[in-house]
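Asker: Pasted the sequence and its predicted model underneath.
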Amino acid sequence: MSRLLALLYGAVAYAVFLLTFLYAIGFVSGLGVPRTIDDGLTDTPAVALVIDLLLLGLFAVQHSGMARPAFKRWWAGYVPAPIERSTYVLASSVALILLFWQWRTLPLVIWQVDNPPARWALYALAAIGWLLVLTGTFVINHFDLFGLRQVWSYARRRGPERDAPFVTRAYYRIVRHPLMLGFLIAFWSTPDMTAGHLLFALMTTGYILLAVRFLEERDLIAQYGDTYRSYQRDVPMLLPWRFTRGQGGASTGCPLGHAAGNSEHLPH
Ligand SMILES: C[S@@+](CC[C@H](N)C(=O)[O-])C[C@H]1O[C@@H](n2cnc3c(N)ncnc32)[C@H](O)[C@@H]1O
């Protein structure tokens with residue numbers, strides 16, 4: 001594949017992702033975009049429920065299915081390695097764009113916070129959630145996660161890609177899944193909770209909990225072995241206050257113990 005074409009493809013996929021991410025903030029918070037979670041297409045509640053569940057399910061299947069090692073091995077025969085991640089990013093963005101476009105509103109009000117300072121506090125909390133997601137991607141490796149590092153290396157004729165290193169610094173010292181924590185904060189922190197928004201928050205929360213525990217962490221254990229198991233023991237999954245003082249943490253007085261504090265356990 002032409003190196004310039006790969007670079008261009010990666011840049012387009014990244015731009016589409018960035019716009020989709022910005023749109024997602026507006027969609028969920030109901031601000032600044034033409035169609036939001038509560039202001040868009042309408043239908044009878046039963047039809048709306050079915051369509052919204054299908055849209056969420058489609059995203060979950062695409063996003064988790066395409067991230068599995070078995071799927072990656074299979075489509076390596078069709079998609080050149082340098083653009084594999086960009087293609088995944090593009091497919092995830094398309095699934096989200098479809099959801100934003102076809103989402104049916106369910107306007108029944110579940111809760112409404114009228115007090116202005118409380119409303120602003122909830123908006124601020126949501127903004128913190130989104131910021132956690134965005135900044136968290138830089139802690140892991142933003143350009144690797146979104147495929148730019150791979151196409152750039154290919155364009156510069158660098159050798160085959162090394163796997164991105166295991167990260168236990170910054171947010172990852174406090175919880176194992178800061179990006180997912182950021183999404184959960186952003187999805188639930190709203191002063192105007194409608195049935196549609198509640199459906200979105202409940203389904204995405206269930207998806208995040210299951211996918212992280214039974215798919216992503218299983219792959220991380222397969223990849224990093226005991227390093228990841230000890231990280232699991234020392235660092236809570238999503239709730240920062242659930243510090244454990246067992247194993248490495250207890251001996252050092254550091255809640256993270258050897259998972260974060262001792263590089264001899266980290267793969268190189
Ligand atoms: C979208 S990121 C989400 C990471 C994490 N679940 C979170 O919520 O912060 C998914 C990618 O991050 C990788 N990943 C998860 N935890 C990691 C860690 N501690 N260090 C390096 N990569 C990690 C996974 O292998 C996966 O490719």
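Answerer: In hand now; what should we look at?
Asker: Which positions in the protein make contact with the ligand?
Answerer: When proximity is defined as CB under 6 Å from any ligand atom, the chain approaches the ligand at 136, 140, 145, 166-167, 172, 177-180, 212, 216, 220. C-beta coordinates here come from the backbone N, C-alpha and C atoms, glycine included.
Asker: at 8 Å instead, please
Answerer: 67, 136-137, 140-141, 145, 164-168, 171-172, 175-183, 212, 216, 219-220, 223, 228, 231 (CB under 8 Å from any ligand atom).
Asker: which stretches of the stretch 51-200 of the chain form strands?
Answerer: Taking DSSP state E, counting those that start in this stretch to define them, one finds strands in the stretch 51-200 of the chain at 109-112, 192-194.
Asker: measure stretch 158-174 end to end?
Answerer: Stretch 158-174 has an end-to-end distance of 35 Å (criterion: CA to CA, to the nearest Å).
Asker: Give the other helices and strands that the longest helix belonging to the chain contacts.
Answerer: Across the chain, the helix with the greatest residue count (assigned by DSSP state H) is helix 3-29. With contacts defined as 3 or more CB pairs under 8 Å, 6 or more residues apart in numbering; DSSP states H and E, the packing partners of helix 3-29 are helix 84-102, helix 116-140, helix 148-155, helix 178-188.
Asker: Kindly reformat these as TSV containing mean pLDDT and mean neighbour count.
Answerer: What follows is the helices and strands packed on helix 3-29, written out as TSV (pLDDT from 0 to 100; neighbours: other CB atoms under 10 Å):
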stretch	mean pLDDT	mean neighbour count
helix 84-102	98	18
helix 116-140	98	16
helix 148-155	94	19
helix 178-188	98	21
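Asker: Can you add distance to Gln62 and give those helices back as a markdown table?
Answerer: Putting the helices and strands packed on helix 3-29 into a markdown table (distance: least, CB to CB, whole Å) gives the following:
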| stretch | distance to Gln62 |
| --- | --- |
| helix 84-102 | 5 |
| helix 116-140 | 19 |
| helix 148-155 | 20 |
| helix 178-188 | 17 |
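Asker: out of the ones you listed, nearest to Leu31?
Answerer: Go through the helices and strands packed on helix 3-29 one by one with CB to CB and the one that ends up closest to Leu31 is helix 116-140, at 8.5 Å.
Asker: what does the closest one contact?
Answerer: 21, 25, 28-29, 113, 145-146, 164, 167, 169-172, 178-179, 181-187, 189-191 (CB atoms under 8 Å, 6 or more residues apart in numbering).
Asker: Kindly recompute the last result at 7 Å.
Answerer: Taking CB atoms under 7 Å, 6 or more residues apart in numbering as the criterion, the residues outside helix 116-140 that touch it are 25, 29, 113, 145, 167, 169-172, 178-179, 181-183, 185-186, 189-191.
Asker: okay, Gly257: pLDDT?
Answerer: What the model reports as pLDDT for Gly257 is 38.
Asker: ugh, typo on my part, it should be Arg157
Answerer: Confidence per residue is given as pLDDT, and for Arg157 that number is 84.
Asker: Phi, psi for it please.
Answerer: Summarising the backbone geometry of Arg157 under the convention degrees, to the nearest 10, its torsions are phi 60, psi 30.
Asker: Skipping adjacent residues, who's closest to it in space?
Answerer: Computed as CB to CB, 6 or more residues apart in numbering, the closest residue to Arg157 that is not its neighbour in sequence is Arg3, at 7.3 Å.
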